[in-house]
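# The following block contains a protein sequence and its predicted model.
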Amino acid sequence: MPLKELKKGIPLRRIGKPEDVSETVLFLADSAAYITAETINVSGGMVR
């Protein structure tokens, strides 16, 4: 599937970057001490 077509299926209309995941990890490590047993999808809104 061409990249342009793949982007159309992602609500944010862009391919994720490593920074998208690392920022989430940093948030959880630093600011989320009271969050437990959650699933966080770093997917730009595209969950299959």
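Ah, there it is. Residues are numbered from 1 along each chain as shown.

# how many other residues sit next to Lys17?
By the criterion of other CB atoms under 10 Å, Lys17 has 9 neighbours. No exception for glycine: its C-beta is placed from N, CA and C like everyone else's.

# Give me the phi and psi for it.
The phi and psi values for Lys17, taken as degrees, to the nearest 10, are phi -110, psi 160.

# how close does it sit to Thr36?
Here Lys17 is placed at a distance of 27 Å from Thr36 (CB to CB, to the nearest Å).

# Can you pull out the low-pLDDT segments for this protein?
Across the chain, the ranges flagged by pLDDT under 70 are 48.

# May I see the buried residues of the longest helix that it contains?
Ranked by residue count, the top helix of the chain under DSSP state H comes out as helix 18-31. Judged by neighbour count (16 or more other CB atoms under 10 Å), helix 18-31 contains no buried residues.

# Likewise for stretch 41-48?
So for stretch 41-48, counting by 16+ other CB under 10 Å, buried means Gly44.

# okay, that stretch in PDB with CA atoms only?
Included here for stretch 41-48 are C-alpha records, laid out as PDB according to Å, rounded to 0.1, in the frame of the first residue of the first chain:
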ATOM      1  CA  ASN A  41      -2.700   3.500  22.100                       C
ATOM      2  CA  VAL A  42      -0.100   5.700  20.500                       C
ATOM      3  CA  SER A  43      -1.600   5.300  17.100                       C
ATOM      4  CA  GLY A  44      -2.800   8.700  15.800                       C
ATOM      5  CA  GLY A  45      -6.300   7.600  16.300                       C
ATOM      6  CA  MET A  46      -5.900   4.500  14.200                       C
ATOM      7  CA  VAL A  47      -6.800   1.400  16.300                       C
ATOM      8  CA  ARG A  48      -7.400  -1.900  14.600                       C
END
